[in-house]
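Student: can't give you the sequence, but here's the structure:
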(Lines give C-alpha, C1' and ligand atoms only; values in the text may rest on other atoms or scores of the structure.)
Protein backbone atom coordinates (compact mmCIF):
# COMPACT_ATOMS: atom_id res chain seq x y z
CA UNK A 1 0.00 0.00 0.00
CA UNK A 2 1.25 3.45 -0.96
CA UNK A 3 -0.18 6.93 -0.47
CA UNK A 4 -0.82 9.41 -3.27
CA UNK A 5 -2.32 12.86 -3.85
CA UNK A 6 -4.40 13.33 -7.00
CA UNK A 7 -5.50 16.86 -7.89
CA UNK A 8 -8.34 17.76 -10.21
CA UNK A 9 -9.89 14.45 -9.20
CA UNK A 10 -13.55 15.41 -9.02
CA UNK A 11 -14.36 14.02 -12.44
CA UNK A 12 -12.88 12.92 -15.74
CA UNK A 13 -9.29 11.73 -15.97
CA UNK A 14 -8.37 12.70 -12.41
CA UNK A 15 -11.32 10.85 -10.93
CA UNK A 16 -10.44 7.70 -12.88
CA UNK A 17 -6.80 7.86 -11.79
CA UNK A 18 -7.81 8.20 -8.13
CA UNK A 19 -10.32 5.36 -8.43
CA UNK A 20 -7.81 3.04 -10.07
CA UNK A 21 -5.22 3.73 -7.36
CA UNK A 22 -7.80 3.04 -4.66
CA UNK A 23 -8.84 -0.16 -6.42
CA UNK A 24 -5.19 -1.23 -6.25
CA UNK A 25 -5.32 -0.78 -2.47
CA UNK A 26 -3.53 2.53 -2.10
CA UNK A 27 -4.43 5.46 0.15
CA UNK A 28 -5.47 8.38 -2.06
CA UNK A 29 -6.07 11.98 -1.06
CA UNK A 30 -8.33 13.44 -3.74
CA UNK A 31 -8.52 17.14 -4.43
CA UNK A 32 -10.73 19.34 -6.55
CA UNK A 33 -11.73 22.98 -6.39
CA UNK A 34 -15.39 21.87 -6.40
CA UNK A 35 -16.12 20.11 -3.11
CA UNK A 36 -19.42 18.73 -4.41
CA UNK A 37 -17.57 16.50 -6.90
CA UNK A 38 -15.24 14.84 -4.41
CA UNK A 39 -15.75 11.21 -3.45
CA UNK A 40 -13.44 9.00 -1.42
CA UNK A 41 -12.27 8.26 2.09
CA UNK A 42 -9.82 11.17 2.13
CA UNK A 43 -10.78 14.40 0.36
CA UNK A 44 -9.70 18.02 0.53
CA UNK A 45 -11.31 20.69 -1.62
CA UNK A 46 -9.34 23.75 -2.61
CA UNK A 47 -7.52 25.69 -5.30
CA UNK A 48 -4.08 24.30 -6.08
CA UNK A 49 -3.11 27.48 -7.89
CA UNK A 50 -2.56 28.80 -4.34
CA UNK A 51 0.84 27.97 -2.81
CA UNK A 52 -0.70 28.41 0.65
CA UNK A 53 -3.39 25.82 -0.07
CA UNK A 54 -0.79 23.44 -1.50
CA UNK A 55 1.01 23.53 1.85
CA UNK A 56 -2.28 22.70 3.60
CA UNK A 57 -2.97 19.85 1.19
CA UNK A 58 0.42 18.21 1.64
CA UNK A 59 0.35 18.76 5.42
CA UNK A 60 -3.01 17.00 5.57
CA UNK A 61 -1.68 14.13 3.46
CA UNK A 62 1.07 13.60 6.03
CA UNK A 63 -1.56 12.89 8.71
CA UNK A 64 -3.00 9.99 6.69
CA UNK A 65 -1.83 6.36 6.92
CA UNK A 66 1.46 5.48 5.25
CA UNK A 67 4.32 7.45 3.70
CA UNK A 68 3.58 9.72 0.78
CA UNK A 69 4.79 7.92 -2.35
CA UNK A 70 3.86 10.49 -4.97
CA UNK A 71 1.22 12.63 -6.58
CA UNK A 72 -0.58 13.23 -9.83
CA UNK A 73 -0.56 16.90 -10.80
CA UNK A 74 -3.76 16.72 -12.82
CA UNK A 75 -5.52 19.99 -11.96
CA UNK A 76 -5.45 22.48 -14.80
CA UNK A 77 -7.55 24.89 -16.79
CA UNK A 78 -8.08 24.96 -20.55
CA UNK A 79 -8.69 28.37 -22.07
CA UNK A 80 -9.55 28.67 -25.74
CA UNK A 81 -8.92 31.99 -27.44
CA UNK A 82 -7.50 33.67 -30.49
CA UNK A 83 -3.92 34.88 -30.15
CA UNK A 84 -5.04 38.30 -31.43
CA UNK A 85 -7.42 39.06 -28.60
CA UNK A 86 -6.35 36.77 -25.75
CA UNK A 87 -6.72 38.70 -22.50
CA UNK A 88 -4.26 39.29 -19.64
CA UNK A 89 -6.94 38.05 -17.22
CA UNK A 90 -7.17 34.69 -18.99
CA UNK A 91 -3.41 34.44 -19.13
CA UNK A 92 -3.06 35.04 -15.39
CA UNK A 93 -5.56 32.31 -14.44
CA UNK A 94 -3.89 29.92 -16.87
CA UNK A 95 -0.37 30.52 -15.56
CA UNK A 96 -1.43 30.54 -11.91
CA UNK A 97 -2.89 27.03 -12.09
CA UNK A 98 -1.14 25.22 -14.91
CA UNK A 99 2.38 26.52 -14.20
CA UNK A 100 2.64 27.97 -10.70
CA UNK A 101 0.28 25.45 -9.10
CA UNK A 102 1.98 22.47 -10.68
CA UNK A 103 5.49 23.71 -9.86
CA UNK A 104 4.78 24.33 -6.19
CA UNK A 105 2.76 21.14 -5.76
CA UNK A 106 5.71 19.15 -7.08
CA UNK A 107 8.02 21.06 -4.76
CA UNK A 108 5.88 20.45 -1.66
CA UNK A 109 5.28 16.77 -2.42
CA UNK A 110 8.95 16.17 -3.22
CA UNK A 111 9.98 17.72 0.09
CA UNK A 112 7.55 15.45 1.94
CA UNK A 113 8.84 12.35 0.15
CA UNK A 114 12.46 13.37 0.73
CA UNK A 115 11.74 13.79 4.45
CA UNK A 116 10.48 10.20 4.63
CA UNK A 117 13.65 8.87 3.04
CA UNK A 118 11.60 6.66 0.70
CA UNK A 119 11.51 6.60 -3.10
CA UNK A 120 8.63 8.28 -4.92
CA UNK A 121 7.02 9.01 -8.26
CA UNK A 122 5.31 12.15 -9.54
CA UNK A 123 3.21 12.35 -12.69
CA UNK A 124 2.14 15.55 -14.44
CA UNK A 125 -0.85 15.67 -16.78
CA UNK A 126 0.26 17.46 -19.91
CA UNK A 127 -1.46 17.53 -23.34
CA UNK A 128 -0.84 16.84 -27.00
CA UNK A 129 -1.18 20.61 -27.43
CA UNK A 130 2.21 20.89 -25.75
CA UNK A 131 3.69 18.96 -28.70
CA UNK A 132 1.68 20.06 -31.74
CA UNK A 133 -0.05 23.28 -32.79
CA UNK A 134 -3.80 23.43 -32.30
CA UNK A 135 -6.21 26.25 -33.28
CA UNK A 136 -7.08 28.73 -30.49
CA UNK A 137 -4.86 26.99 -27.94
CA UNK A 138 -1.62 28.93 -28.23
CA UNK A 139 -1.63 30.02 -24.58
CA UNK A 140 -2.78 26.66 -23.21
CA UNK A 141 -0.35 24.72 -25.39
CA UNK A 142 2.45 26.97 -24.19
CA UNK A 143 1.77 25.98 -20.57
CA UNK A 144 1.72 22.28 -21.40
CA UNK A 145 4.99 22.50 -23.33
CA UNK A 146 6.44 24.24 -20.29
CA UNK A 147 5.33 21.35 -18.08
CA UNK A 148 7.03 18.85 -20.39
CA UNK A 149 10.27 20.78 -20.01
CA UNK A 150 9.79 21.08 -16.25
CA UNK A 151 9.48 17.30 -15.98
CA UNK A 152 12.70 16.85 -17.93
CA UNK A 153 14.58 19.47 -15.95
CA UNK A 154 13.53 18.18 -12.53
CA UNK A 155 15.36 14.93 -13.18
CA UNK A 156 18.42 16.87 -12.02
CA UNK A 157 16.87 17.78 -8.66
CA UNK A 158 14.75 14.72 -7.90
CA UNK A 159 16.88 11.79 -9.01
CA UNK A 160 19.41 12.12 -6.16
CA UNK A 161 16.58 11.55 -3.67
CA UNK A 162 15.08 8.68 -5.70
CA UNK A 163 11.98 10.55 -6.86
CA UNK A 164 10.99 9.88 -10.45
CA UNK A 165 8.97 12.39 -12.46
CA UNK A 166 7.17 11.86 -15.75
CA UNK A 167 4.30 13.34 -17.74
CA UNK A 168 1.37 11.91 -19.66
CA UNK A 169 0.01 13.91 -22.60
CA UNK A 170 -3.57 12.90 -23.40
CA UNK A 171 -5.06 13.55 -26.78
CA UNK A 172 -8.81 13.72 -27.39
CA UNK A 173 -10.50 11.98 -24.48
CA UNK A 174 -14.12 11.25 -23.67
CA UNK A 175 -14.93 12.92 -20.35
CA UNK A 176 -17.96 14.56 -18.77
CA UNK A 177 -16.87 17.83 -20.39
CA UNK A 178 -16.24 16.57 -23.92
CA UNK A 179 -19.38 14.42 -23.92
CA UNK A 180 -21.40 17.65 -23.79
CA UNK A 181 -20.23 18.35 -27.35
CA UNK A 182 -22.56 16.37 -29.60
CA UNK A 183 -19.96 16.29 -32.40
CA UNK A 184 -16.91 15.40 -30.29
CA UNK A 185 -16.98 11.62 -30.57
CA UNK A 186 -17.72 11.62 -34.30
CA UNK A 187 -15.16 14.31 -35.13
CA UNK A 188 -12.31 12.86 -33.08
CA UNK A 189 -13.06 9.34 -34.25
CA UNK A 190 -12.53 10.69 -37.78
CA UNK A 191 -9.30 12.48 -36.86
CA UNK A 192 -7.69 9.77 -34.70
CA UNK A 193 -5.70 7.10 -36.59
CA UNK A 194 -6.89 4.35 -34.21
CA UNK A 195 -10.47 5.35 -35.01
CA UNK A 196 -11.71 6.72 -31.70
CA UNK A 197 -10.72 9.13 -28.92
CA UNK A 198 -9.34 7.80 -25.65
CA UNK A 199 -11.49 7.05 -22.63
CA UNK A 200 -10.41 8.06 -19.14
CA UNK A 201 -9.16 4.57 -18.34
CA UNK A 202 -6.69 4.75 -21.24
CA UNK A 203 -5.09 7.79 -19.61
CA UNK A 204 -5.30 6.42 -16.07
CA UNK A 205 -3.49 3.22 -17.11
CA UNK A 206 -0.55 5.26 -18.39
CA UNK A 207 -0.42 7.39 -15.24
CA UNK A 208 -0.59 4.39 -12.92
CA UNK A 209 2.20 2.73 -14.91
CA UNK A 210 4.46 5.70 -14.18
CA UNK A 211 3.51 5.61 -10.49
CA UNK A 212 4.20 1.89 -10.21
CA UNK A 213 7.44 -0.04 -9.85
CA UNK A 214 6.96 -1.30 -13.40
CA UNK A 215 8.52 2.00 -14.52
CA UNK A 216 11.19 2.13 -11.79
CA UNK A 217 13.95 3.11 -14.24
CA UNK A 218 11.94 5.69 -16.22
CA UNK A 219 12.13 9.37 -15.36
CA UNK A 220 12.03 12.69 -17.21
CA UNK A 221 9.79 11.33 -19.95
CA UNK A 222 6.51 12.43 -21.51
CA UNK A 223 4.21 9.72 -22.85
CA UNK A 224 1.68 10.74 -25.49
CA UNK A 225 -1.62 8.83 -25.31
CA UNK A 226 -3.60 9.99 -28.34
CA UNK A 227 -4.35 7.07 -30.67
CA UNK A 228 -1.71 8.36 -33.07
CA UNK A 229 -3.10 11.88 -33.53
CA UNK A 230 0.20 13.73 -33.11
CA UNK A 231 1.72 11.65 -35.90
CA UNK A 232 -0.64 13.25 -38.42
CA UNK A 233 -2.11 16.18 -36.44
CA UNK A 234 -5.25 17.09 -38.42
CA UNK A 235 -7.14 19.94 -36.69
CA UNK A 236 -10.85 19.65 -35.90
CA UNK A 237 -13.28 21.57 -38.04
CA UNK A 238 -14.61 23.45 -35.01
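Tutor: Nice, thanks for sending it over. This one's a predicted model, so the numbers in the text were calculated from it and none came from an experiment.
Student: now the strands for the chain?
Tutor: 3-6, 27-32, 42-45, 68-73, 120-125, 163-170, 173-174, 198-199, 222-225 (DSSP state E).
Student: Tell me where the model's unsure across the chain.
Tutor: Residues of the chain meeting the criterion pLDDT under 70: 238.
Student: buried residues in stretch 145-163?
Tutor: Buried residues in stretch 145-163, counted by 16 or more other CB atoms under 10 Å: 145, 146, 147, 148, 150, 151, 152, 154, 155, 158, 163. All C-beta spots, glycine's among them, are computed from the backbone N, C-alpha and C.
Student: out of the residues you listed, who's nearest residue 122?
Tutor: Set against residue 122, the nearest of those by CB to CB is residue 163 (6.5 Å).
Student: May I have the beta-bridge partners of that closest one?
Tutor: Counting by DSSP bridges, residue 163 forms beta bridges with residue 120.
Student: I'd say it and residue 111 touch.
Tutor: No - with contacts counted by CB atoms under 8 Å, residue 163 stays clear of residue 111, the gap being 10.1 Å.
Student: And residue 3, how close does it get to residue 64?
Tutor: 6 Å (CB to CB, to the nearest Å).
Student: Then residue 5?
Tutor: For residue 5 relative to residue 64 (CB to CB), the value is 10 Å.
Student: Between those two, which has more neighbouring residues?
Tutor: Using other CB atoms under 10 Å as the criterion, residue 5 and residue 64 rank with residue 5 on top: 32 against 15.
Student: contacting residues for that one?
Tutor: Residue 5 sits next to 28, 29, 31, 57, 58, 61, 68, 70, 71, 72, 105, 109 when contact means CB atoms under 8 Å, 6 or more residues apart in numbering.
Student: again, but for residue 86
Tutor: 138, 139.
Student: same thing but 6 Å
Tutor: Contacts for residue 86 (CB atoms under 6 Å, 6 or more residues apart in numbering) come out as residue 139.
Student: Contacts made by stretch 127-145 with the rest, please.
Tutor: 78-80, 83, 86, 94, 98-99, 126, 148, 169, 171, 226, 230, 233, 235.
Student: ok now that stretch, how far from the chain's centre?
Tutor: 15 Å (CA atoms, centre = their mean, to the nearest Å).
Student: Buried ones in that stretch, by neighbour count?
Tutor: 127-132, 134, 137, 139-145.
Student: How about stretch 211-222?
Tutor: Quick answer for stretch 211-222 (16+ other CB under 10 Å): 211, 215, 219, 220, 221, 222.
Student: ok, those vs residue 24, which is closest?
Tutor: residue 211 (9.4 Å).
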